[in-house]
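Trainee: 3D model of this:
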Amino acid sequence: REPLATPLPPNSSLPAHRNKRRQSQQAAGEPKKKKASTKSNSAANATFASLLFNDGESQDPLHVLQEQFRVTDHPHYRKSREAPVLLAIWKKINTHRTSLVFRRPVSSKDAPGYDQRILFPIDLSLVRKMITSRVVSSFADLHIRIGMICHNCMKYNGRESDYGVVTRDFEAMVDDLILQAVYNEIKKSAAKS
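Mentor: From the prediction side, this is the model:
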């Protein structure tokens, strides 16, 4: 069996983008991409700000972020946040139509054998408690916990089940919300400097 990979949202352009980048690197004779060296926060912010606020391009800034950088590499993604900031994002996630099945813990009556198959059961109510108790203190922590919810659902129900389809929609929505939150933080820090 293959390990469960993080599901891609329907109609995702990521595989095509990866293939295109790989082909252009091979055509140019470039070596495979090495791990980027860490930059200082101000240098990374300047790089992102120059991409995001380029007036000559009409491209969506979020699209630029997705194409040029991995948001997980940006300092604002891992920076510790106040609980109200994370709770605001949690509230947007929790009120979305696809989050209905993830709001409460899974009961053994509804899903027999869930306790044996899933090692770390988690739901949105537990994520909220983790935010208020400061176990989750950054966008990265929140993203990891939401990813765990989605992984558990896919592992128990299967990728092609009805729950799997809902999970992919849910995860795509969460990715967009967190990307937007990081973008807003970058924009705020660029405006301050």
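
Trainee: pLDDT of the lengthiest helix in the chain, averaged?
Mentor: Using DSSP state H, we find that the single longest helix of the chain is helix 162-192. Taken as a whole, helix 162-192 carries a mean pLDDT of 91.

Trainee: mind listing what's buried along that helix?
Mentor: For helix 162-192, a neighbour-count test (16 or more other C-beta atoms under 10 Å) marks 163-164, 166-175, 177-179, 181-183, 185-186, 189 as buried. Yep, even glycine has a C-beta here, placed from its N, CA and C like the rest.

Trainee: before we move on, what about stretch 83-91?
Mentor: 85-87, 89-90.

Trainee: among these, which are located in strands?
Mentor: Using DSSP state E, no member of the buried residues of stretch 83-91 sits in strands.

Trainee: restricted to helices, list these.
Mentor: Using DSSP H, the buried residues of stretch 83-91 in helices are 85-87, 89-90.

Trainee: distance of the residue of the chain most remote from its centre from Arg22?
Mentor: Each residue of the chain has a distance to the centre, and by C-alpha atoms, centre = their mean the biggest one is for Gly29: 31.8 Å. According to C-beta to C-beta, to the nearest Å, Gly29 and Arg22 sit 13 Å apart.

Trainee: for Lys155, same thing?
Mentor: 29 Å.

Trainee: quick one, helices of this structure?
Mentor: Using DSSP H, the helices found in the chain span residues 14-28, 41-52, 61-68, 75-78, 83-95, 114-117, 124-132, 139-157, 162-192.

Trainee: which of those sits closest to Val101?
Mentor: helix 162-192 (6.3 Å; C-beta to C-beta).

Trainee: what about Lys109, how many neighbours?
Mentor: Counted with other C-beta atoms under 10 Å, the neighbours of Lys109 add up to 7.

Trainee: surely Ala111 meets Tyr156?
Mentor: Yes: using C-beta atoms under 8 Å, Ala111 is in contact with Tyr156, at 6.4 Å.

Trainee: now distance to Phe102 too, for the helices of the chain, in TSV please.
Mentor: Output for those, formatted as TSV (distance: least, C-beta to C-beta, whole Å):
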stretch	distance to Phe102
helix 14-28	23
helix 41-52	31
helix 61-68	24
helix 75-78	22
helix 83-95	9
helix 114-117	14
helix 124-132	5
helix 139-157	5
helix 162-192	7
